[in-house]
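Q: give the three-dimensional model of this entry:
(2 chains)
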Protein chains: 2
Amino acid sequence: MNKIITIGREFGSGGRELGRRLARELGFDYYDKEILTEISKHTSLSEEYVQRVVESQPHQLFPITTGRSFLYVDTQPLQQAGAVFLAQQEIIREMADRSSCVIVGRCADHILRDRKPFRIFVYADMASRIARCRSRAPEGENLTDKEYKQQIQQVDKARARYYDFYTDMKWGDKLNYELCINTTNQDIPTLVPYLAKMFM
Amino acid sequence: MNKIITIGREFGSGGRELGRRLARELGFDYYDKEILTEISKHTSLSEEYVQRVVESQPHQLFPITTGRSFLYVDTQPLQQAGAVFLAQQEIIREMADRSSCVIVGRCADHILRDRKPFRIFVYADMASRIARCRSRAPEGENLTDKEYKQQIQQVDKARARYYDFYTDMKWGDKLNYELCINTTNQDIPTLVPYLAKMFM
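A: The predicted structure is shown next:
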């Protein structure tokens, strides 16, 4: 049976790096942004639009009640968000059927829950997340620590809302994961080979 | 330099078993209840009394203010709780000086923070904690699930209060640990050899 490892991660914690290295170490397939490309193919929505939909806050797409009357809201974005999630679900299941793999984000832990994936959550303290963001920033980007912190908090808030909405669980709650790894004082390239041995 | 591994754990999660097996696998010393015996020797308080003090809720030992007047409360228990914590601190530092070791509970992660211990937190869902408690119950003990749940919650509440009081951090908050391990679906004897490789 294929081994499935899912990775949830705080923004700036190095979860993606950990996932990619883990997959390479194990010879497993690795899926991250590839999922968005696939959704785009399946739904004939552009990749940029899909990206925007999966990063949006789903509750904002619901009709809004003002006092006793419903404010009219076009339901199309909501339908599209639902369609994108269904496509994502289908694609992730296909990926898990195909081979052993590491999947980053996208509620894969919940979507694949019947197959008992090994669920990892990667996190770190704010200072080291800011340092990581800064070290990976494109040339010319010159944000202050405060601006990085705001960016990190915004991304995490969106991830949490998306996850909580579709899974009915709490993003980052350690009970939803087999292992939670704090990368604050740990070197990811050193850590991964040890971690990989658990799946060999 | 000695390697220090500290283990915090939810009651019934198998943290003690994990710690004991990890120490054995690594050839490290293992400290758990031994600490209470040592405190008892250092303070000339009985082991039973020390046990009671370390399990009590420290804030209950403070003088109580009623309206504007102080209600007289014998401060001796508070002084003794403080003395016990100081003794504990000293003993744990001595243990860490002596050899590489695994220390379960007793705020060792905080007491030894300057030595950068590797901090593990072990947890599990309520159903598997109840099952573990039941499987380890002394013959004749016949508690219902509800009674086990109450016992587990009480012990954890006392642990959290004790930890939070002496460390000014939040017990079980994943940011205070390098690794959080959910034993719900994991077999501890299988897991430990992999974990041990991280420290070899």
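Q: all strands of chain A, in order?
A: A:4-9, A:29-31, A:64-66, A:69-71, A:101-104, A:118-123, A:179-182 (DSSP state E).
Q: got the contact list for the residue of chain A found nearest chain B?
A: Relative to chain B, the nearest point of chain A is residue A:180 (3.8 Å; Cβ to the nearest Cβ). Every residue, glycine included, has its C-beta placed from N, CA and C. By Cβ atoms under 8 Å, 6 or more residues apart in numbering or on different chains, the contact set of residue A:180 is A:120-123, A:174, B:174, B:177, B:179-180, B:182.
Q: give me the most central residue, chain A.
A: Geometric centre of chain A, nearest residue: residue A:105, 2.2 Å, by Cα atoms, centre = their mean.
Q: quick one: contacts for it?
A: Contacts of residue A:105 by Cβ under 8 Å, 6+ apart are A:7-9, A:32, A:159.
Q: farthest pair within those residues?
A: Spatial extent of the contacts of residue A:105 (Cβ to Cβ) is set by the pair A:32 and A:159 at 13.6 Å.
Q: counting neighbours, go ahead and name the busier of these two.
A: Using other Cβ atoms under 10 Å in any protein chain shown as the criterion, residue A:32 and residue A:159 rank with residue A:159 on top: 20 against 17.
Q: apart from its neighbours in sequence, what residue is nearest that one?
A: residue A:171 (6.2 Å; Cβ to Cβ, 6 or more residues apart in numbering or on different chains).
Q: how many neighbours does the one you found have?
A: Residues near residue A:171, counting by other Cβ under 10 Å: 19.
Q: repeat for the one 5 residues further on
A: Neighbouring residues of residue A:176 were enumerated by other Cβ under 10 Å; the total is 20.
Q: quick one: contacts for the residue nearest to it when sequence neighbours are not counted?
A: Leaving aside its sequence neighbours, residue A:176 sits nearest to residue A:169 (Cβ to Cβ, 6+ apart; 5.3 Å). Residue A:169 is in contact with A:110, A:163, A:176, counting by Cβ under 8 Å, 6+ apart.
Q: remind me which residues of chain A are low pLDDT?
A: A:55-78 (pLDDT under 70).
Q: which parts of it sit against chain B?
A: Applying Cβ under 8 Å from any Cβ of the partner chain, we find that chain A lies next to chain B at A:116, A:123, A:125, A:174-175, A:177-182, A:184-186, A:191, A:194, A:197-198.
Q: show me those that map onto helices.
A: Among these, the residues falling in helices (DSSP state H) are A:191, A:194, A:197.
Q: the second one and residue A:186, how far apart?
A: Just to be clear, that refers to residue A:194. Here residue A:194 is placed at a distance of 10 Å from residue A:186 (Cβ to Cβ, to the nearest Å).
Q: can you check the last one too?
A: Using Cβ to Cβ, residue A:197 is found at 16 Å from residue A:186.
Q: about what we covered before: dump the contacts of residue A:180 into JSON lines; add distance to residue B:44 as well.
A: Converted to JSON lines, the contacts of residue A:180 look like this (distance: Cβ to Cβ, whole Å):
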{"residue": "A:120", "distance to residue B:44": "48"}
{"residue": "A:121", "distance to residue B:44": "46"}
{"residue": "A:122", "distance to residue B:44": "48"}
{"residue": "A:123", "distance to residue B:44": "44"}
{"residue": "A:174", "distance to residue B:44": "41"}
{"residue": "B:174", "distance to residue B:44": "39"}
{"residue": "B:177", "distance to residue B:44": "35"}
{"residue": "B:179", "distance to residue B:44": "38"}
{"residue": "B:180", "distance to residue B:44": "38"}
{"residue": "B:182", "distance to residue B:44": "41"}
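Q: closest one to residue B:139 out of the residues you listed, please.
A: Set against residue B:139, the nearest of the contacts of residue A:180 by Cβ to Cβ is residue B:182 (29.7 Å).
Q: what's the closest non-adjacent residue to the closest one?
A: residue A:178 (5.1 Å).
Q: over to residue A:9?
A: residue A:15 is the one closest to residue A:9 (Cβ to Cβ, 6+ apart), at 2.3 Å.
Q: give the contact list for the one you found.
A: Listed by Cβ under 8 Å, 6+ apart, the contact partners of residue A:15 are A:7-9, A:104, A:121-122, A:183.
Q: equivalent analysis for residue A:126, please.
A: A:149, A:152.
Q: the one 4 residues further on too?
A: Residues in contact with residue A:130, defined by Cβ under 8 Å, 6+ apart, are A:12, A:145, A:148-149, A:152.
Q: distance of it from residue A:185?
A: Counting by Cβ to Cβ - residue A:130 and residue A:185 are separated by 15 Å.
Q: and residue A:168, by the same measure?
A: From residue A:168 over to residue A:185 the distance is 33 Å, taken as Cβ to Cβ.
Q: so which of these two has more stuff around it?
A: The neighbour comparison of residue A:168 against residue A:185 (other Cβ under 10 Å) goes to residue A:185, with 12 against 8.
Q: which stretches of chain A form helices?
A: Using DSSP H, helices in chain A cover A:15-26, A:34-43, A:47-55, A:76-98, A:108-111, A:126-136, A:145-167, A:188-197.
Q: quick one: buried residues of the last one?
A: For helix A:188-197, the buried set under the neighbour-count rule, 16 or more other Cβ atoms under 10 Å in any protein chain shown, comprises A:188, A:191-192, A:194-196.
Q: include distance to residue B:36 when you put the residues you listed into a markdown table, please.
A: A markdown table is the format used below for the buried residues of helix A:188-197 (distance: Cβ to Cβ, whole Å):
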| residue | distance to residue B:36 |
| --- | --- |
| A:188 | 38 |
| A:191 | 34 |
| A:192 | 39 |
| A:194 | 33 |
| A:195 | 35 |
| A:196 | 39 |
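Q: biggest separation within those, which pair?
A: A:188 and A:196 (12.1 Å).
Q: name the residues contacting each of those two.
A: With contacts taken as Cβ under 8 Å, 6+ apart, residue A:188 and residue A:196 have no neighbour in common.
Q: against residue A:151, how distant is residue A:93?
A: Separation of residue A:93 from residue A:151 (Cβ to Cβ): 32 Å.
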